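A.B. asks: Give me coordinates for this.
(chains A and B)
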Protein chains: 2
Amino acid sequence: MIEDYSLTVLGCSSATPNSVRFPSSQVLHFLGKYFLLDCGEGTQMQLRRAKVPFENINAIFISHLHGDHYFGLFGLLASLNLTGRKTPLVIYGPQGLEELIMFQFKQDSQQWKFPIFFKALPKEPFACIEEKKNYKIYSIALSHRIDCWGFYFVENERERNILKSAIQQYDIGVEEIKSIKQGADLQLDNGTIIPNGEITTDPLPSFSYAYIADTIAKPEIAQYIQGVRLMYHEATFLQNYEDLAKETFHSTARQAAECAQLAHAEKLIVGHYSARYKSTDGHKKEAEEVFENVELASDLYVYTLDKAPYCIWSPKIIDE
Amino acid sequence: MIEDYSLTVLGCSSATPNSVRFPSSQVLHFLGKYFLLDCGEGTQMQLRRAKVPFENINAIFISHLHGDHYFGLFGLLASLNLTGRKTPLVIYGPQGLEELIMFQFKQDSQQWKFPIFFKALPKEPFACIEEKKNYKIYSIALSHRIDCWGFYFVENERERNILKSAIQQYDIGVEEIKSIKQGADLQLDNGTIIPNGEITTDPLPSFSYAYIADTIAKPEIAQYIQGVRLMYHEATFLQNYEDLAKETFHSTARQAAECAQLAHAEKLIVGHYSARYKSTDGHKKEAEEVFENVELASDLYVYTLDKAPYCIWSPKIIDE
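C.D. replies: Here you go, the predicted model:
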């Protein structure tokens, strides 16, 4: 199931894209589901180039209503409809997104062949917006020029691994196995207690991903994502433009790294680069002065868990 | 001035783009002006990749209100505004385009730093929509599922070239030169008439380009573009899908070629390929059965006049 954990960056530019950086968009492949995070112009073409089966996207998360984060929705929805999607699609986004999107399709009397459910994001600083058997998704209120949210995807703690030898030795039944996997000790018929730690091993660590979209430096969000495994944080500027970052409600690479450090993140990806930066080497250098495990977002790079060692993330460019 | 005549294809797909074909968009460089023909999603990124200085675009022409022909306008206009454009921009398009575009910017209270003039296309089959000293632009009503227009760019006939030797021999004055360039004979002081043909040479042929966007086969449009030098005609399908073409109000490669033949065009470019065609060789082959001078539209190809011989168009891929 390792291949289920990957993040594909489709666009990493800030508001003005160029020939190598498309506007914001990412795909998180998580527990068999495809979640699209923001949908800047050109997302559907980047999905094709990244060979992500976009017909299978389960839900879309729009951080805010600046065009570079949602102008790709028109084309993507139109193409999903043309290519015969039938399964429902949930779109989380700010209040007002539905009207903005659907206005474009009214004039063409578009007949939707699949249901679209727009769900408005809550105003709370931190809120669970989706809960399933094996994961939860939270929204995090950021601070930008307009309402803006980050998203936090958390896999539930995995069950402990019960030793096959113990099952045989103690002839453990199905119901008991379930409770032992949850952490219970084993009680034998003679009353003896076998501690859980003797008959199980620790599970692999569960996965979590925080997507921190456009925001002024906001260290307090770190409290919501303590111990996050992979974290993306916008880094529009470098520290010498700290004032401009503040004025435009964006962050610097250093501020992104400080947030990752406060959150005790395992790995940080920075992106949403201002068009002024032809090279992003400065972003890596600056962030690494604060936080050691930094990757640069690049269009059409996929960040996957390496199988061994399990916990290291490595980026790879997609072979078109 | 040869370099002033070029057509750059930014997108040649029909409604569903893929990894190598963006939705419809082209740039015509014509007499020092840049005209953008349709503006599908991703146009601003393709303009960057094609190294077209998009800040210099003089006017935009939108053929119809299907998304694959205008969804790129949102991002392009936003970027023009962010990058400091001040010169006015004219956008020709169907009635209703202004409302569709401006609706997206209302919620962000966008402050426009340059004036945008939307001009609704006339319902007439053929109408002059812009007339300048050295060219005219016409709209041509096509037949699609919704109102749709083609555009015809025509350079005025050029002045005749007066022989330097004649100017010296007859000591021709400035005013007389002007009238001779327009075709007048020279009258000497002694009353002798020197025929224009003896003291001038023919000018290079003037340039014209017809952009025939989405339409069912409509041979009658050929009457408006007789002798057109370069002509683009949509060819969504091949002839074996003639019925589907009719049903969806599109054309086949053969029908595009028939229209070029009727128009006595010099060169035909076909494009707007259905996603079902991985290779477009069939389009060239089918069109060439009817009309000999056919090129295939490809993303990021530029079609320029070769300097020698002057009248041959050759496509080149843009070196990114």
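A.B. asks: Just the element for the residue of the stretch 101-250 of chain A found nearest chain B, please.
C.D. replies: Going by Cβ to the nearest Cβ, chain B is nearest to residue A:103 of the stretch 101-250 of chain A, at 5.2 Å. For the C-beta atoms, the positions are set from N, CA and C on the backbone; glycine is no exception. Using DSSP states H and E, residue A:103 maps to helix A:97-106.
A.B. asks: Helix A:97-106 and the helix or strand following that helix, what's the angle between them?
C.D. replies: Note on helix A:97-106: by DSSP H and E, the next helix or strand toward the C-terminus is strand A:116-120. Relative orientation of strand A:116-120 versus helix A:97-106 (axes from the mean of the first three to the mean of the last three Cα atoms, to 10 degrees): 150 degrees.
A.B. asks: List the neighbouring strands of strand A:116-120 plus their orientation.
C.D. replies: Sheet neighbours of strand A:116-120, with direction, are listed as strand A:89-93 (parallel) (DSSP bridges).
A.B. asks: Give me the average confidence score over the strand it pairs with.
C.D. replies: In this model, strand A:89-93 carries a mean pLDDT of 98.
A.B. asks: Would you mind putting the CA coordinates of stretch A:57-68 into PDB?
C.D. replies: C-alpha atoms of stretch A:57-68 as PDB (Å, rounded to 0.1, in the frame of the first residue of the first chain):
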ATOM      1  CA  ILE A  57     -10.700  12.100  -8.400                       C
ATOM      2  CA  ASN A  58     -12.800  11.600  -5.200                       C
ATOM      3  CA  ALA A  59     -12.900  15.200  -3.900                       C
ATOM      4  CA  ILE A  60     -11.500  18.700  -4.700                       C
ATOM      5  CA  PHE A  61     -10.400  21.100  -2.000                       C
ATOM      6  CA  ILE A  62     -10.200  24.800  -3.000                       C
ATOM      7  CA  SER A  63      -8.300  26.900  -0.500                       C
ATOM      8  CA  HIS A  64      -9.600  30.400  -1.500                       C
ATOM      9  CA  LEU A  65     -11.100  32.300  -4.300                       C
ATOM     10  CA  HIS A  66      -8.100  33.900  -5.900                       C
ATOM     11  CA  GLY A  67      -8.100  32.800  -9.600                       C
ATOM     12  CA  ASP A  68      -4.700  31.100  -9.500                       C
END
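A.B. asks: Quick one: distance of that stretch to the chain centre.
C.D. replies: 12 Å (Cα atoms, centre = their mean, to the nearest Å).
A.B. asks: Tell me if that stretch is near chain B.
C.D. replies: Yes - using Cβ under 8 Å from any Cβ of the partner chain, stretch A:57-68 comes into contact with chain B via A:65, A:66, A:67, A:68.
A.B. asks: now stretch A:148-162
C.D. replies: No - using Cβ under 8 Å from any Cβ, stretch A:148-162 never reaches chain B; the gap is at least 12.4 Å.
A.B. asks: Endpoint to endpoint, that stretch covers what distance?
C.D. replies: Taking Cα to Cα, to the nearest Å, stretch A:148-162 runs 43 Å from one end to the other.
A.B. asks: residues of it that come out buried?
C.D. replies: Residues A:148, A:149, A:150, A:151, A:152, A:153, A:154, A:155, A:160, A:162 are the ones in stretch A:148-162 that count as buried (16 or more other Cβ atoms under 10 Å in any protein chain shown).
A.B. asks: Show me which of those residues is closest to residue B:4.
C.D. replies: Closest approach between these and residue B:4, by Cβ to Cβ: residue A:148, at 45.0 Å.
A.B. asks: Can you name the residues of chain A that neighbour chain B?
C.D. replies: So chain A meets chain B at A:15-19, A:22-23, A:40-42, A:44-45, A:48-49, A:65-68, A:71-72, A:74-75, A:78-79, A:82-83, A:96, A:100, A:103-104, A:107-108, A:146, A:320 (Cβ under 8 Å from any Cβ).
A.B. asks: if we can go back for a sec, which among the buried residues of stretch A:148-162 gets closest to residue A:28?
C.D. replies: residue A:153 (6.3 Å).
A.B. asks: Which pLDDT value goes with the closest one?
C.D. replies: The model's pLDDT for residue A:153 equals 98.
A.B. asks: Show me what the host helix or strand of it is packed against.
C.D. replies: Take DSSP H and E as the rule and residue A:153 turns out to sit in strand A:149-155. If contacts are counted by 3 or more Cβ pairs under 8 Å, 6 or more residues apart in numbering or on different chains; DSSP states H and E, strand A:149-155 sits against strand A:25-30, strand A:135-141, strand A:208-212.
A.B. asks: Identify the residues contacting the first one?
C.D. replies: So the one you mean is strand A:25-30. With contact meaning Cβ atoms under 8 Å, 6 or more residues apart in numbering or on different chains, strand A:25-30 is reached by A:3-11, A:34-40, A:42-43, A:46-47, A:50, A:52, A:57, A:72, A:135, A:153, A:155, A:207, A:209, A:211, A:232.
A.B. asks: Buried subset of these, written for PyMOL?
C.D. replies: To isolate the buried members of the contacts of strand A:25-30 in PyMOL, using 16+ other Cβ under 10 Å:
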select buried, chain A and resi 5+6+7+8+9+10+11+34+35+36+37+38+39+40+42+43+46+47+50+52+57+72+135+153+155+207+209+211+232
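A.B. asks: Inside strands: which ones of the contacts of strand A:25-30?
C.D. replies: A:6-11, A:34-39, A:57, A:135, A:153, A:155, A:209, A:211, A:232 (DSSP state E).
A.B. asks: closest to residue B:166 among the buried residues of stretch A:148-162?
C.D. replies: The nearest one, if we look at these relative to residue B:166 and count by Cβ to Cβ, is residue A:148, at 72.1 Å.
A.B. asks: State the distance from that closest one to residue A:140.
C.D. replies: 10 Å (Cβ to Cβ, to the nearest Å).
A.B. asks: Then residue A:9?
C.D. replies: According to Cβ to Cβ, residue A:9 stands 20 Å off from residue A:140.
A.B. asks: same thing with residue A:273?
C.D. replies: 22 Å.
A.B. asks: now residue A:73
C.D. replies: For residue A:73 relative to residue A:140 (Cβ to Cβ), the value is 21 Å.
A.B. asks: Direction included, what does the helix or strand containing residue A:303 pair up with?
C.D. replies: Following DSSP H and E, one finds residue A:303 within strand A:301-305. Take DSSP bridges as the rule and strand A:301-305 pairs in its sheet with strand A:6-11 (antiparallel), strand A:313-317 (antiparallel).
A.B. asks: Since that was my last question, I'll sign off now.
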